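>>> mind looking at a prediction? Sequence and model below.
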Amino acid sequence: MTARTDAARTAAASGELRRAGAALSQTVDRPAAAPRTWRADLGLIAWQVAYEQRSFWRNRTRAFFSAGLPIMLLLLFASLNSGGRIQQLHDIKYVTFFLPGIMAYGIIITQFVNMAGGLANQRDNGLLKRMRGTPLPGWAYVGGRVGSTALTSALMAVVMIVLGVAFFGVTLRAEAIPAIALTVLLGSAAFAALGMGAVLLIPNADAAPVVANVLILPLSFISGIWYPMTDAPTWLQDVAKVFPIQRLADALQTAFDPVNHSAAFAGGDLLVLAIWLVAGIRLAMVFWRRETAR
Amino acid sequence: MQEEAIRVEGLRKVYGDVEAVDGLTFSVAVGEVFCLLGPNGAGKTTTTEILEGYRARSGGDVRVLGRDPEHGERELRERVGIVLQEAAAQDELTVAEVLTMFGRYYPRRRAVDELVGLVGLTGNEGKRVKLLSGGQKRRLDLALALVGDPDLLFLDEPTTGFDPSARRQAWATIKDLCALGKTVFLTTHFMDEAQTLADRVAVMASGRLVAMGTPSEIGGRDTAPTEIPFPPPAAVGLADLPPIPDATVSEPAPGRVRIVAPTGLHASHAITGWALERGYDLRGYEVSQPSLEDVYLRLTENATALEAAR
């Protein structure tokens, strides 16, 4: 390239610049700055939840299969074992045991596995890096993600309960509804936060499903989701009780157990879930600091 | 307002025992377009990402709009716009939705219709991000960086993948931003982009600054000798050429003559006078100053050779 052509290009470009400059001159006034308040910051989380929800439901295939899998499992197992009763658990209907278990499993799948996979993907494609470059605080992004998935799993839980009550004769006691709602929300939040933290262990998006399943599947077998753990050795039951999967399943099973007559808040389970939630949030913030800059 | 938008002093970044950035010092004035050039692996991206607040430095001092980017303060990010080399946006949302969403993060925000007009996406407001073409996504990147009406804009290879007219348009937008007093920190692989946009250019190689100056002066471009290459007429050898004061005459390839002279005017006069007298038409005759690209290649090759020799 010679100096002469450089000059010619510059001249040609600046011709265009002048034209576009005329178009921009109306926008020279700077937009007014909105004051920052804690209310506006809370509103930011609500908006994040709204946008996450919109994104989630627009991808219909993904939405259907991630929310649909636990529902399909429920229909399948409940139909296979319809009429079955479980002796170890004072002869309750199989489906009364299975519905809360599969609800727990559904929450874990949508929250933990999908969160870990989705985030690993968004980390690898640069979306998180872009978000990190904006003034959006980390807690607002984390809050938006967690809130949105909690909403999705609450909806899923409602659908499952309705199906269970309508078609499989599950009894839903009105006084247990607050306990169910609290457990679903607490469990969702805990697993969503833990799912974010789990991305710290996931080197790339391709590895996400494998890592997430290795973390979840073995534990789910000792956590009384698929079958009662009453015949398992005590030490194994004790190990399972350390982890949130057993706690979430147990808290929901307690609320659905027809033997219980009270509000059936499973205090111990909820406490352990709350501890995991706090740990999860800490891990999620570590994730935000460390992994969004890659 | 402070005079310097960016100040970097003795910046170092070490990965293991590799000095990715090794003692960088420069500053960028408010309202200036500053362009960082350098081959892949020179430390451009590391430097840019330290300034953007994505990476922590190993040594030296950095100030961006008077603040340390390492602290990642919200107040700083509210005044900075970043166009990353490669970054996805929310695929399932529409252009207007993404722009509105990002607008909520900033205390000052530009209206959606104004932004799409600015980057040339008018008419695509309702289109999902995943359906945009590659070039349209890059324009969205620029729009997203402008949402918060930033004082300082980081552009990392902003026109890669653009067709020529889209590039011209992007350049025009960037020039407009400067007219509004914005500071632009640019990295690019395109010399014409640096030539057109930059007030000042810095060339990096192997983690160091090897030259800095205006695009027309950098690396002694304005004072460098003039080159005159031409194919000699048939049966004319080097010995048949007229005497040219202070010039070196060489034959880099058969059928090519190259004259390098401190000033192009005298040499050119001697050659063209001689050719006219003898009736040669000298097709392919050129007089050239080294282009920005020539200077860039010389600077970076020298630096890389030096590095290899150490």
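Arrived safely, thanks for sending. Numbering: from 1, shown residues only, chains lettered A, B, ... in the order given.
>>> in chain B, which spans are strands?
B:4-15, B:18-29, B:33-37, B:59-64, B:80-83, B:152-156, B:183-187, B:200-205, B:208-213, B:226-230, B:248-253, B:256-261 (DSSP state E).
>>> in chain B, which helix has the most residues?
For chain B, the helix reaching the highest residue count under DSSP state H is reported as helix B:292-309.
>>> so, low pLDDT: which residues of chain B?
Low-confidence segments of chain B, defined by pLDDT under 70, span residues B:1-2, B:309-310.
>>> how far away is the residue nearest the centre of chain A from chain B?
Nearest to the geometric centre of chain A sits residue A:111, at 2.6 Å (Cα atoms, centre = their mean). Distance, residue A:111 to chain B, by Cβ to the nearest Cβ, to the nearest Å: 20 Å. Yep, even glycine has a C-beta here, placed from its N, CA and C like the rest.
>>> rewinding a little: would you list the strands of chain B in TSV and tack on distance to residue A:103 and mean neighbour count?
Listed next are these as TSV, based on distance: least, Cβ to Cβ, whole Å; neighbours: other Cβ atoms under 10 Å in any protein chain shown:
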stretch	distance to residue A:103	mean neighbour count
strand B:4-15	47	18
strand B:18-29	50	18
strand B:33-37	55	25
strand B:59-64	49	17
strand B:80-83	42	25
strand B:152-156	46	24
strand B:183-187	51	24
strand B:200-205	57	24
strand B:208-213	60	20
strand B:226-230	78	19
strand B:248-253	79	12
strand B:256-261	81	18
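>>> between these, which gets nearest to chain A?
strand B:80-83 (4.2 Å; Cβ to the nearest Cβ).
>>> mind giving me the packing neighbours of the closest one?
Applying 3 or more Cβ pairs under 8 Å, 6 or more residues apart in numbering or on different chains; DSSP states H and E, we find strand B:80-83 packed against helix B:134-146, strand B:152-156.
>>> direction included, what does that strand pair against?
strand B:152-156 (parallel) (DSSP bridges).
>>> identify all contacting residues around the partner strand.
B:5-6, B:45, B:48, B:51-52, B:64-65, B:79-85, B:142, B:145-146, B:174, B:177, B:182-187 (Cβ atoms under 8 Å, 6 or more residues apart in numbering or on different chains).
>>> got a list of what residue B:23 touches?
Applying Cβ under 8 Å, 6+ apart, the residues near residue B:23 are B:10, B:11, B:12, B:60, B:208.
>>> of all those residues, which two lie farthest apart?
B:60 and B:208 (12.8 Å; Cβ to Cβ).
>>> residues of the stretch 201-310 of chain B that sit close to chain A?
B:286, B:288, B:289, B:291, B:292, B:293 (Cβ under 8 Å from any Cβ of the partner chain).
>>> which one is the fifth one nearest to, not counting chain neighbours?
What sits nearest to residue B:292 in space, not counting adjacent residues and going by Cβ to Cβ, 6 or more residues apart in numbering or on different chains, is residue B:191, at 4.6 Å.
>>> ok, which stretches of the stretch 151-294 of chain A are helices?
Using DSSP state H, counting those that start in this stretch, the helices of the stretch 151-294 of chain A run over A:177-198, A:208-221, A:234-242, A:244-256, A:267-291.
>>> orientation of the fourth one relative to helix A:234-242 in degrees?
The directions of helix A:244-256 and helix A:234-242 differ by 90 degrees, with axes from the mean of the first three to the mean of the last three Cα atoms, to 10 degrees as the criterion.
>>> can I get the CA coordinates of helix A:244-256 in CSV?
Provided in CSV are the C-alpha atoms of helix A:244-256 (Å, rounded to 0.1, in the frame of the first residue of the first chain):
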residue,chain,number,x,y,z
PRO,A,244,-28.9,-32.1,50.1
ILE,A,245,-30.5,-34.7,47.8
GLN,A,246,-31.7,-37.0,50.6
ARG,A,247,-32.8,-33.9,52.6
LEU,A,248,-34.9,-32.5,49.8
ALA,A,249,-36.5,-35.8,49.1
ASP,A,250,-37.1,-36.5,52.8
ALA,A,251,-38.6,-33.1,53.4
LEU,A,252,-41.1,-33.6,50.5
GLN,A,253,-41.9,-37.1,51.5
THR,A,254,-42.6,-35.9,55.1
ALA,A,255,-45.0,-33.3,53.8
PHE,A,256,-46.8,-35.9,51.6
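>>> in that helix, what counts as buried?
A:244-256 (16 or more other Cβ atoms under 10 Å in any protein chain shown).
>>> ok so, going back, quick one: closest of the strands of chain B to residue A:72.
Nearest to residue A:72, of those and by Cβ to Cβ, is strand B:80-83 at 42.9 Å.
>>> residue A:97 is in contact with residue A:89, correct?
Yes. Using Cβ atoms under 8 Å, residue A:89 is in contact with residue A:97, at 6.0 Å.
>>> which neighbours do those two share?
Joint contacts of residue A:89 and residue A:97 (Cβ under 8 Å, 6+ apart) are residue A:228.
>>> more neighbours: these two, which one.
residue A:97 (26 against 17; other Cβ atoms under 10 Å in any protein chain shown).
>>> show me the contacts for that one.
Contacts of residue A:97 (Cβ under 8 Å, 6+ apart): A:86, A:89, A:228, A:253.
>>> ok, the last one to residue B:104 distance?
It stands for residue A:253. From residue A:253 across to residue B:104, the span is 41 Å (Cβ to Cβ, to the nearest Å).
>>> which residues are in contact with the residue of the stretch 101-250 of chain A found nearest chain B?
Proximity of the stretch 101-250 of chain A to chain B (Cβ to the nearest Cβ) peaks at residue A:126, 3.3 Å away. Residue A:126 is in contact with B:84, B:86, B:87, B:88, counting by Cβ under 8 Å, 6+ apart.
>>> could you pick out which of those residues are near chain A?
Filtering the contacts of residue A:126 for proximity to chain A by Cβ under 8 Å from any Cβ leaves B:84, B:86, B:87, B:88.
>>> select from those residues the one having the most neighbours.
residue B:84 (23 neighbours).
>>> ok, that residue touching residue A:133?
Yes. Shown here, residue B:84 and residue A:133 form a contact pair, counting by Cβ under 8 Å, at 7.2 Å.
>>> JSON lines for the strands of chain B, including distance to residue A:198?
As requested, those are exported to JSON lines (distance: least, Cβ to Cβ, whole Å):
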{"stretch": "strand B:4-15", "distance to residue A:198": "26"}
{"stretch": "strand B:18-29", "distance to residue A:198": "30"}
{"stretch": "strand B:33-37", "distance to residue A:198": "37"}
{"stretch": "strand B:59-64", "distance to residue A:198": "33"}
{"stretch": "strand B:80-83", "distance to residue A:198": "28"}
{"stretch": "strand B:152-156", "distance to residue A:198": "30"}
{"stretch": "strand B:183-187", "distance to residue A:198": "34"}
{"stretch": "strand B:200-205", "distance to residue A:198": "38"}
{"stretch": "strand B:208-213", "distance to residue A:198": "41"}
{"stretch": "strand B:226-230", "distance to residue A:198": "61"}
{"stretch": "strand B:248-253", "distance to residue A:198": "62"}
{"stretch": "strand B:256-261", "distance to residue A:198": "64"}
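>>> kind regards, and thank you for your time.
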